[in-house]
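Peer 1: Model the following, please.
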Amino acid sequence: MGNTCVKPSENQLQEQLVFDYQDGCVYRIPALCYNRNIQTLLAFAEKWKTLSDSDAEKLVMKTAKVKEDDTNGRQIHWTELKEVKNALLSGHCTMNPCPVYDEKEKTLYLFFNCVENSVEEIWQINNCCNKARLCYITTTDDGENWSVLTDLTPQLQEIGGWATFAVGPGHGLQTNSGRLIVPVYAYPNKPGSCASTSYALALYADHPYTEWQFGNMLETESGECQMADLLDDEGNYVVYCNARSTSGHQVEAVSVNVGVDFAKQTGSEGSEKIVETGKGCQGSVVSFPADGKDADKKDEHNSSNTWRLYTHPTHVEDRVNLGVYLNKPPKDPNNWSKSLIINSGTSGYSDLAYIGKGWFVCLMERGEGKELNQISSVMFSYSQVEEDIGQYCCCSPQNIET
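Peer 2: Next comes the predicted model:
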């Protein structure tokens, strides 16, 4: 059985082209971050020379102000594209943007991997030879100026035992304690043989964010991942992880010790709510105040509890028809809704941001024809999702018109 999905109602989604195929360049691997202090979105992507990921080159970005008015409602307007300065290491290409925002110091940390030029992930796995480095830069003015590059690779001994690894891609997380968490997946080498299986885990640090360390890997095969913080009706706080998999379903796990350990969620085995696409595809998850009603307190997650949205291609074989799913009870992995299609046709990686008052923005890969060569943003509200998944009949994803 595949995913069930619905088309959007007449209340159309607000879609805008952000990174467009041009001059022989391709833009892939979206990452999105929202600075709620000044209501600014920051969008990142990889710039490729061709459609091959071995030809990834550098990171680019755009910003957008989220504006509200009585006439047009919520609007976002993207700036001109610019390269992310200082996200470069000589002899390496820059990949997998993963932004995480520190609310206290008002500083954006942009993590990424620097991989030796033209070296593919599969080569590293087959040869037990890691050519990836873990780096970050920071900005306090939304990307107008960036710090010098910090290479964390020498500080993290675990990397020496991996065939390769990557962060995200997509946004990281700041917990209610202030801890910064960066989602990671890695291929640990086995004694006497090369790596064959990847596992998700967290990279984290507490203020002042100078001592970074890895948590423990999930016990289940898991790949590209994202994380969200959840608060249930009883006030229990957990970090939720959703990861790509080759098992046919997305892997879901939770941490009760703020990212140090993750345990697979009870009941997620065999769940058919979020079926994986073909050989797997990255998806995005974000938490938000229940009912989409923000708390009066500054920290929106101080509301009674939090719910989740998740985006992922809905087809069981091909990367088409990007859908958004809703899950209300944090402890129930089997309670995902059917999906609302927010991009019909060719769809790939995505990244979600909650922008307050029940509104979301999704940055997503899409394409004309079968090739993924564009990145668009789409803005929608919780009320739209709830209305549409509630009023339409379920349908097989294979029957959605593209």
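
Peer 1: At the geometric centre of the chain, which residue sits there?
Peer 2: Among the residues of the chain, the one closest to the centroid is residue 170, at 3.3 Å (Cα atoms, centre = their mean).

Peer 1: Could you double-check that that one lies in contact with residue 353?
Peer 2: No - using Cβ atoms under 8 Å, residue 170 is not in contact with residue 353, being 9.8 Å away. In this view, the C-beta of every residue, glycine as well, is placed from N, C-alpha and C.

Peer 1: Mind listing the shared neighbours of the two?
Peer 2: In terms of Cβ atoms under 8 Å, 6 or more residues apart in numbering, residue 170 and residue 353 are both contacted by the residues residue 32.

Peer 1: ok, the residue nearest to residue 127 when sequence neighbours are not counted - contacts?
Peer 2: Spatial nearest neighbour of residue 127, chain neighbours left out: residue 194 (6.9 Å); criterion: Cβ to Cβ, 6 or more residues apart in numbering. Counting by Cβ under 8 Å, 6+ apart, residue 194 makes contact with 125, 126, 127, 128, 163.

Peer 1: Pipe those residues into TSV and attach neighbour count per row.
Peer 2: Output for the contacts of residue 194, formatted as TSV (neighbours: other Cβ atoms under 10 Å):
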residue	neighbour count
125	20
126	13
127	14
128	16
163	24
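
Peer 1: can I get these in JSON lines with distance to residue 224 and pLDDT?
Peer 2: Supplementary listing: the contacts of residue 194 in JSON lines, determined by distance: Cβ to Cβ, whole Å; pLDDT from 0 to 100:
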{"residue": "125", "distance to residue 224": "14", "pLDDT": "94"}
{"residue": "126", "distance to residue 224": "19", "pLDDT": "92"}
{"residue": "127", "distance to residue 224": "21", "pLDDT": "92"}
{"residue": "128", "distance to residue 224": "21", "pLDDT": "92"}
{"residue": "163", "distance to residue 224": "16", "pLDDT": "96"}
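
Peer 1: quick one: which of the residues you listed is nearest residue 91?
Peer 2: Closest to residue 91 out of the contacts of residue 194 is residue 127 (18.2 Å), distances taken as Cβ to Cβ.

Peer 1: For the closest one, grab phi and psi.
Peer 2: phi -110, psi 10 (degrees, to the nearest 10).

Peer 1: so residue 30 touches residue 375, yeah?
Peer 2: Yes - shown here, residue 30 and residue 375 form a contact pair, counting by Cβ under 8 Å, at 5.0 Å.

Peer 1: Quickly list what's touching both of the two.
Peer 2: Counting by Cβ under 8 Å, 6+ apart, the residues touching both residue 30 and residue 375 are 19, 43, 45, 363, 364, 365.

Peer 1: neighbour-wise, which of the residues you listed leads?
Peer 2: If you count neighbours using other Cβ atoms under 10 Å, the busiest of those is residue 363, which has 29 neighbours.
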